[in-house]
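Q: Quick one: sequence and predicted model below, then my questions.
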Amino acid sequence: MSTRREAVLREMGLAPLWRLRSAADDAVVAGVEAAEPSPLEEARPVGVSVTATGPSRAGSAGAGAMSTSARPSPVRQYLPQAPSVSAAEPAPDSGPLVDPARRERIAGLDWEQLEADIRECRACRLCEKRKQAVPGVGDRQAQWMLVGEGPGAEEDQRGEPFVGAAGKLLEAMLAAIGLKRGDGVYIANTVKCRPPMNRTPQADEIATCFPYLQRQIELVRPRILIALGRPAAQALLDTEVSIGASRGRVFQYRGTPVVVTYHPAYLLRNQTDKAKAWEDLCFARKVASTPGAQDSTQG
Ligand code: URA
């Protein structure tokens with residue numbers, strides 16, 4: 001293992017766990033340097049594979065659609081035979097909360113207009129306590145788009161997502177799979193303004209802010225979306241989600257594959273789950289590189 005990679009895995013809290021990777025691991029963790037050992041104590045079951053059998057075109061409302069809301073749902077589950085989200089509890093629904101004219105206006109903004117709009121937004125209560133809104137950062141043509149929850153204190157101060165402790169871990173996680181912030185990676189949040197006391201954003205706040213995330217996704221057109229934590233997963237999948245039950249599965253947001261994993265802030269408090277996050281990113285890497293697993297057609 002290279003010294004740099006060792007340092008990265010140590011930073012993630014994974015370094016002591018590595019073992020030689022088996023051929024079976026290689027089959028799953030496609031694209032990760034073949035000569036290097038996996039940092040995992042236990043390999044992901046080989047049975048977790050990418051199967052492009054589900055509806056892969058945006059707008060196909062066939063098997064796998066999981067929406068519980070009245071508005072056209074962006075949710076398309078990729079593996080229809082293995083439902084992992086509960087359709088019983090409705091997710092935050094922006095339907096009645098987002099003025100259709102506002103949604104339509106945001107849908108037509110270019111990058112500069114979008115960022116300016118976000119910075120000036122006063123559409124929900126989160127604007128009242130923020131220092132500044134935090135639009136997003138990174139490569140605007142990224143293949144990977146990561147979606148967090150919302151800015152924390154440091155992000156609010158600096159106007160950039162994931163610059164605090166969780167951000168450092170996120171960067172280490174990205175580095176562990178050969179990715180770098182800003183280089184082929186775009187990072188956004190579910191809500192663009194800091195929730196007071198870092199509380200979880202509320203459903204109406206997520207819904208009000210969703211057109212911004214929607215437009216960011218449309219502009220980036222990533223090969224894969226990574227939902228970091230529950231609020232991001234729920235916003236993208238438009239339904240209640242359990243991270244544990246959703247891991248290792250490929251969902252879709254309007255034709256773009258979505259992989260769900262733990263939020264880095266959660267991982268800072270639950271170090272033992274870091275290995276699972278590593279597995280999830282390796283899985284996402286496999287999905288991103290699987291022909292036919294992604295279809296960035298929007299709408
Ligand atoms: N947590 C998030 O979800 N987003 C940030 O930008 C920072 C911390």
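A: Yep, that arrived.
Q: Spell out which parts of the stretch 151-299 of the chain neighbour the ligand.
A: If contact is defined as Cβ under 6 Å from any ligand atom, the residues of the stretch 151-299 of the chain in contact with the ligand are 151-152, 155, 161-162, 164, 166, 189, 265. Bear in mind the C-beta positions are built from the backbone N, C-alpha and C, glycine included.
Q: again, only using 8 Å
A: Taking Cβ under 8 Å from any ligand atom, the part of the stretch 151-299 of the chain that reaches the ligand is made up of 151-152, 154-155, 160-164, 166-167, 187, 189-190, 228-229, 231-232, 263-265.
Q: Now, these that are in strands?
A: When DSSP state E is applied, those are split such that 187, 189, 228 fall in strands.
Q: can you pull the contacts of Asp139?
A: Listed by Cβ atoms under 8 Å, 6 or more residues apart in numbering, the contact set of Asp139 reads 182-186.
Q: how far away is it from Arg221?
A: 12 Å (Cβ to Cβ, to the nearest Å).
Q: quick one: average pLDDT of stretch 277-285?
A: This predicted structure assigns stretch 277-285 an average pLDDT of 97.
Q: how about it: buried residues?
A: The neighbour-count criterion (16 or more other Cβ atoms under 10 Å) identifies 277-285 as the buried residues of stretch 277-285.
Q: next one: stretch 121-138
A: The neighbour-count criterion (16+ other Cβ under 10 Å) identifies 121, 123-124, 126, 130, 132-138 as the buried residues of stretch 121-138.
Q: cool, stretch 178-192 as well?
A: Neighbour-count burial for stretch 178-192, with 16+ other Cβ under 10 Å as criterion, is recorded at 179, 181, 184-192.
Q: Turn those residues into TSV, including pLDDT.
A: TSV is the format used below for the buried residues of stretch 178-192 (pLDDT from 0 to 100):
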residue	pLDDT
Leu179	97
Arg181	94
Gly184	97
Val185	98
Tyr186	98
Ile187	98
Ala188	98
Asn189	98
Thr190	98
Val191	98
Lys192	98
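Q: Closest to the ligand out of the residues you listed?
A: When the buried residues of stretch 178-192 are compared for distance to the ligand (Cβ to the nearest ligand atom), Asn189 comes out closest, at 4.8 Å.
Q: measure the closest residue to the closest one other than its chain neighbours to the ligand for me?
A: Counting by Cβ to Cβ, 6 or more residues apart in numbering, Gly148 is the residue found nearest to Asn189 once chain neighbours are left out, at 4.7 Å. Note on Gly148: its distance to the ligand, by Cβ to the nearest ligand atom, to the nearest Å, is 3 Å.
Q: and Gly148, how many neighbours does it have?
A: Under the neighbour criterion other Cβ atoms under 10 Å, Gly148 is assigned a count of 28.
Q: Thr272 too?
A: Thr272: 9 surrounding residues under other Cβ under 10 Å.
Q: Return the residues in contact with it.
A: With contact set as Cβ under 8 Å, 6+ apart, Thr272 has no partners.
Q: how close does it sit to Tyr266?
A: In this structure, Thr272 and Tyr266 are 11 Å apart, going by Cβ to Cβ.
Q: and the one helix or strand Leu268 maps to, which residues are buried?
A: Secondary-structure assignment from DSSP states H and E places Leu268 in helix 264-269. Taking 16+ other Cβ under 10 Å as the neighbour-count basis, helix 264-269 is seen to contain the buried residues 264-267.
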